[in-house]
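Student: After the sequence you'll find the predicted model.
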Amino acid sequence: MAKVKRYNLAGLAANVELGKQGSYIAANANVIGFYTSSDVLQQIANATLSTHAVTKAQMEAETQDLVQHVSVPFNYNSANSNIANISPGARVISVTVDIPSAWGGTGDNTTSFIEVGDTNNSSRFIRAQDVDVLKAAQYHSQFQYEYSSGGVIRLTVHTGAATSGTGVVSVILSGDTAVLQDAGSLGPIQTIEDLGNIG
């Protein structure tokens, strides 16, 4: 009967060779990797128990069910801005436009207004005159839409007689990761918050 030798591995360097084939474990303060002799990262099976590690493929599959919050600021003269590219199967859950203070220089909200929609329907979520830019308030759309094919969510600001004013449009959507767009003069928008998996 063969005897199994016990080795005390405490105090070894970060790289530990596993056998004659040259496979090894490489580690640093942030990550542990399993490699072959040709420095190829070995495949690790998807997790099946709560104590198992999750692979990249498994994590990406789970992120399709995440709820995401995209928030984009705009000025009274921002004109048209692409907010996000959305993937097939994604659903817009809500759209909110926040006007922090009354806009200046306009006598009504028929010429100075906000629209939020997509490339197929520019006012699918927020229509002309839904937002009164003369009042500090939040305006919320109850309309939801699920995209059978990819689309682009768009913000349109009609300046009209406005001479000043700002706002923020917030979109909550579920599905694949949203790719944020450059909102014109405001520069690239980087605000995206993962609100977690509610499924």
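Tutor: Cool, got the structure. Not measured: the values here are computed from a predicted model.

Student: Show the low-confidence segments of the protein, by residue range.
Tutor: Applying pLDDT under 70 to the chain flags the ranges 1-25, 28-32, 34-45, 51-52, 60-65, 176-199.

Student: One more pass at 80, please.
Tutor: Applying pLDDT under 80 to the chain picks out residues 1-67, 79, 106-107, 175-199.

Student: mind listing the strands for it?
Tutor: Counting by DSSP state E, one finds strands in the chain at the ranges 16-17, 24-27, 32-35, 66-75, 80-86, 91-99, 113-118, 137-141, 145-146, 151-158, 166-174, 179-180, 192-197.

Student: export these to TSV and tack on mean neighbour count and distance to residue 47?
Tutor: All C-beta atoms are positioned from the backbone trio N, CA, C, and that covers glycine. Converted to TSV, those look like this (neighbours: other C-beta atoms under 10 Å; distance: least, C-beta to C-beta, whole Å):
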stretch	mean neighbour count	distance to residue 47
strand 16-17	12	23
strand 24-27	15	19
strand 32-35	14	15
strand 66-75	19	18
strand 80-86	20	28
strand 91-99	20	27
strand 113-118	24	36
strand 137-141	16	38
strand 145-146	16	29
strand 151-158	22	33
strand 166-174	20	23
strand 179-180	14	27
strand 192-197	11	15
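
Student: closest to residue 56 out of those?
Tutor: Counting by C-beta to C-beta, residue 56 lies closest to strand 32-35 out of the strands of the chain; the figure is 12.4 Å.

Student: show me what contacts residue 103?
Tutor: Residues in contact with residue 103 (C-beta atoms under 8 Å, 6 or more residues apart in numbering) are 76, 112, 133-134, 162-165.

Student: Nearest spatial neighbour of it, chain-adjacent residues omitted?
Tutor: Residue nearest to residue 103 in three dimensions, not counting chain neighbours: residue 165, with 3.0 Å by C-beta to C-beta, 6 or more residues apart in numbering.

Student: isn't that neighbour right up against residue 97?
Tutor: No - Residue 165 lies out of contact with residue 97 (C-beta atoms under 8 Å); the separation is 12.0 Å.

Student: Where do the domain boundaries of the protein fall?
Tutor: With domains defined by automatic domain parsing, the chain comprises 16-62, 64-197.
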